[in-house]
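Undergrad: predicted coordinates and the sequence they were generated for:
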Amino acid sequence: MHATLTVAVKEYRDGLRNRWVLAATLLLAFFAVGLTYFGAAASGTVGVTSLATTIVSLASLAIFIIPLIALMLAYNTLVGEEEQGTLLLLLTYPLTRGQLLLGKFIGHAGILSTATVIGFGVAALLVAFETGDWGDVLLWQAYGFFILSSILLGCVFLALAQLISALSRESSFAAGVALVVWFWFVLIFDLLLLGLLVMSEGREGGWLSYLLLLNPTDIFRLANLAGFEAARTYTGLVHIAVGPWFQPGALLAVLLAWVLVPLLLAQWRFRSRTL
Amino acid sequence: MTPSLAFDQVVKIFGATRALDNLSFELQAGEVIGLLGHNGAGKTTCMKLALGLNRPTSGSVRVMGSDPAGRHSDALRQQLGFLPENVSFYQQLTGREALRYFARLKQASLNQVDQLLDEVGLMHAANRRIKTYSKGMRQRVGLAQARLGRPRLLLLDEPTAGLDPQATREFYSMLDGLRAEGVSILISSHVLPGIERHIDRAIILGQGRLLAQGSIESLRAEASLPMTIRARGDVAQLQDRELLERLGYSLCRVNAQHVEIQGLASNKIDAIRYLVNAPGIEDIELVQPSLEHLYAYFTHAVIQQEVD
């Protein structure tokens, strides 16, 4: 545990030092504040509206940007250390391969959490100040849920990035694969699903909605938008998903599985890797 | 006493290549061994086996009597220090920060960080980023890192590759200090000049096989390479050259003031006596076969055997 924590702390401090934390926080805050003002533009108004609208628009933003930040943060986890010669050295220390990976994951998750909590938190506070409406407990709960699930979404892609790193021999290769993964989950997957839906002309019998669970960004979208009336108007694919699997709690659990499975796979790959 | 490191009939096969072929040697406590060979001779494989990063295909590797890849390897790893080949460390960290990180991982006292920075002469650069360090300074960070926890066994993989002669000398003089403290050191190198005075024994590897091992003196005796003696003076006065030939020495005159004789090392005293007694000789210099000559001899001898 000591070793894992040491690695995590170093990784987090590296993030502070090379301005990763700062850049990610500013980026998220910038977009969040921007969307808070213009998120309702589609309905013909500009300006701060409500926390509910904010969450809906922020969720769409988070789907694009958080996976990207997470992948960029972690694709180099192993190949980077290998290329500078420190991986071999670290493995001669009283530190298992599993501890090294876990430590890095925790450190990266810390960086991402800091950026998400501050970046999105600022937007929430802004809405509350501007409208003078501190809202009800339920709304804040929803916002808390949104931040928590955003972090979880980030962790999914951190875990995927770690797996990519464990499978790669060169950091340029890892970077390329990370980009492909991003495109796949954020853009291509939904297009394919939409295509399937159109082709089946609505006669697929419900199994199509379960395919949504194969994409962590869709799970995140479902979890956050399901509860909002405002979301109904925006939702496309999300509309087809109804049933016990699509309750926020269950979705969060599926998201958690999306974190654990790639992490375990990365551990397994890394263990069998010869140096 | 248990040897610090013992290889017993170690074979390591990667795919179709025999990286190590029946290698046996022991590193006794307080001994400094040079592991010499071309790139690809199996030096790094040896290091990785000793560190428990790989397991031998057959044979056994023991570090202070235990299996380095076994269950208690963590405790063992605290007692050994390693400097890998081509390590550039964390460019963004300062020397001190990097060492503090390694100290935490090794569970060594953080007080050691400044002590070690001082010992390797990096105190003045402790707060500078490693990015700005020269290659020689990085190797010093590497040595300091290996010394965290004051291990009794150091494995240094090509520590002087890419260092300039000055930095190489400084590195070796630091090793001499450790040797005086009784630390066992296994140092691999393909850069031979300068290493011979700093090691107790040499192990010469070629294509994963042990070609020769022993002290420089015993390797010289085994190779029985010709000895060269240079003499300066009025060379024209040299008499009785048949005696030299009977001793197995041949004479090659360099010029009017210098002469070189080459012959069997076993008869060198007689040859020297001859030169000392010769009139007109003012100075005598012995040129021993260097480690490079021995290395060339042993690697060549084995290749020759294979051809035959």
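TA: Great, that's in hand. Numbering: from 1, shown residues only, chains lettered A, B, ... in the order given.
Undergrad: use CA for all of it now, contacts and neighbours both
TA: Fine.
Undergrad: residues touching B:L225, list them.
TA: Contacts of B:L225 were listed using Cα atoms under 8 Å, 6 or more residues apart in numbering or on different chains, and they are B:L264, B:A265, B:P289, B:L294.
Undergrad: go on, B:R100?
TA: Taking Cα under 8 Å, 6+ apart, one finds B:L110, B:V113 in contact with B:R100.
Undergrad: check it and give its pLDDT.
TA: B:R100 carries a pLDDT value of 95.
Undergrad: any idea how far it lies from chain A?
TA: 10 Å (Cα to the nearest Cα, to the nearest Å).
Undergrad: helix or strand: which one has that residue?
TA: Taking DSSP states H and E as the criterion, the element that holds B:R100 is helix B:95-106.
Undergrad: can you say which of the contacts of B:L225 are buried?
TA: If you count burial by 16 or more other Cα atoms under 10 Å in any protein chain shown, the buried members of those come out as B:L264, B:A265, B:P289, B:L294.
Undergrad: thinking again about what came up before, how about the CA coordinates for the helix holding B:R100, as PDB?
TA: The C-alpha coordinates for helix B:95-106 follow below in PDB (Å, rounded to 0.1, in the frame of the first residue of the first chain):
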ATOM      1  CA  GLY B  95      18.000  15.500  -8.600                       C
ATOM      2  CA  ARG B  96      16.800  15.800  -5.000                       C
ATOM      3  CA  GLU B  97      13.200  15.200  -5.800                       C
ATOM      4  CA  ALA B  98      14.000  12.100  -8.000                       C
ATOM      5  CA  LEU B  99      16.100  10.600  -5.200                       C
ATOM      6  CA  ARG B 100      13.400  11.300  -2.600                       C
ATOM      7  CA  TYR B 101      10.900   9.500  -4.700                       C
ATOM      8  CA  PHE B 102      13.200   6.500  -5.100                       C
ATOM      9  CA  ALA B 103      14.000   6.600  -1.300                       C
ATOM     10  CA  ARG B 104      10.300   6.400  -0.500                       C
ATOM     11  CA  LEU B 105       9.800   3.500  -2.800                       C
ATOM     12  CA  LYS B 106      12.800   1.700  -1.300                       C
END
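Undergrad: same for the helix or strand that that helix is followed by, what does it pack against?
TA: Secondary structure here is assigned by DSSP H and E; on that basis, the next helix or strand after helix B:95-106 toward the C-terminus is helix B:111-119. Helix B:111-119 sits against helix B:95-106, helix B:135-147, with contacts defined as 3 or more Cα pairs under 8 Å, 6 or more residues apart in numbering or on different chains; DSSP states H and E.
Undergrad: for chain B, what are the nearby residues on chain A?
TA: Residues of chain A lying close to chain B (Cα under 8 Å from any Cα of the partner chain) are A:2-3, A:6-7, A:10, A:84-86, A:88-89, A:91-95, A:274-275.
Undergrad: now A:G107: how far from chain B?
TA: Taking Cα to the nearest Cα as the measure, A:G107 and chain B are separated by 14 Å.
Undergrad: roughly how far does that residue sit from A:S113?
TA: For A:G107, the distance to A:S113 equals 10 Å [Cα to Cα, to the nearest Å].
Undergrad: more crowded one of those two?
TA: When A:G107 and A:S113 are compared for neighbours, A:G107 comes out ahead with 24 against 21, by other Cα atoms under 10 Å in any protein chain shown.
Undergrad: count of residues packed around the closest residue to the more buried one other than its chain neighbours?
TA: By the measure of Cα to Cα, 6 or more residues apart in numbering or on different chains, the closest residue to A:G107 outside its immediate chain neighbours is A:A8, 4.0 Å from it. If you count neighbours by other Cα under 10 Å, A:A8 ends up with 24.
Undergrad: any idea which helix or strand carries A:A8?
TA: Secondary structure from DSSP H and E places A:A8 in helix A:2-17.
Undergrad: quick check: angle from that helix to helix B:95-106?
TA: Computed with axes from the mean of the first three to the mean of the last three Cα atoms, to 10 degrees, the direction of helix A:2-17 lies at 150 degrees from that of helix B:95-106.
Undergrad: what helices and strands are in contact with helix A:2-17?
TA: Using 3+ Cα pairs under 8 Å, 6+ apart, helix A:2-17 sits against helix A:97-131, helix B:95-106.
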